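fold the stuff below for me.
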Amino acid sequence: DALKTLGLTPGVVGDGKLEDGSLVFPITGGNVTYFKPGTAKPYVIGQIQHEGSGFSLSAGDTKVEITNLNVDPGASRVYGDVAVNGKTAVTSAFIFQLRGASLKPLQTEGDTAILEGTKVYISPVAASLLNDTFKTDAVTDALLVGVAKITVNTTPAS
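Modelled structure (predicted):
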């Protein structure tokens, strides 16, 4: 809804997918440790990489691509590379803020672990970049993007 209000059209880049209104990116690397809530703070630490995929935002002749997302749950941040009309604007930019107060306890289903519920907001850095690029002041760091869901296979690689 926020994208429609801003007149932006979302798209996907690389291996990213847009399914039922959700952006889906394959996990390409990283490692996280999960602690029982209340036993450590933060209780999810590590890195989750989504190399080779991302999303785009378009309006008129301007297209912004945000790729190679790197989730740092311990710092509650997501970083990514930003290109405008095919030219790199920023690498490893602070794209999203994560607010995990609504994170549900770890769920397991067979060889799959699921963490869901962290709210994702535009970062102050990304809000400024998007406002400058799309000539608006409507993007704020209070803009809720969605709710994160991380699904990983817990079977060790052979």
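
show me the shaky parts of the chain.
1-2, 156-158 (pLDDT under 70).

please redo it, this time with the cut-off set to 90
1-8, 20-22, 31-44, 100-106, 109-110, 113, 115, 135-143, 145, 150-158 (pLDDT under 90).

where along it do the strands fall?
9-14, 17-19, 22-24, 29-34, 44-59, 62-72, 77-84, 87-99, 107-109, 112-122, 144-153 (DSSP state E).

the fourth one: partners in the sheet, and parallel or antiparallel?
Neighbouring strands of strand 29-34 in its sheet, by DSSP bridges, are strand 44-59 (antiparallel).

Tyr79: neighbour count?
Close neighbours of Tyr79, defined as other CB atoms under 10 Å, add up to 22. All C-beta atoms are positioned from the backbone trio N, CA, C, and that covers glycine.

just list whatever residues bridge to it.
Applying DSSP bridges, one finds that Tyr79 bridges with Asn70, Phe94.

show me what contacts it?
69-70, 72, 92-95 (CB atoms under 8 Å, 6 or more residues apart in numbering).
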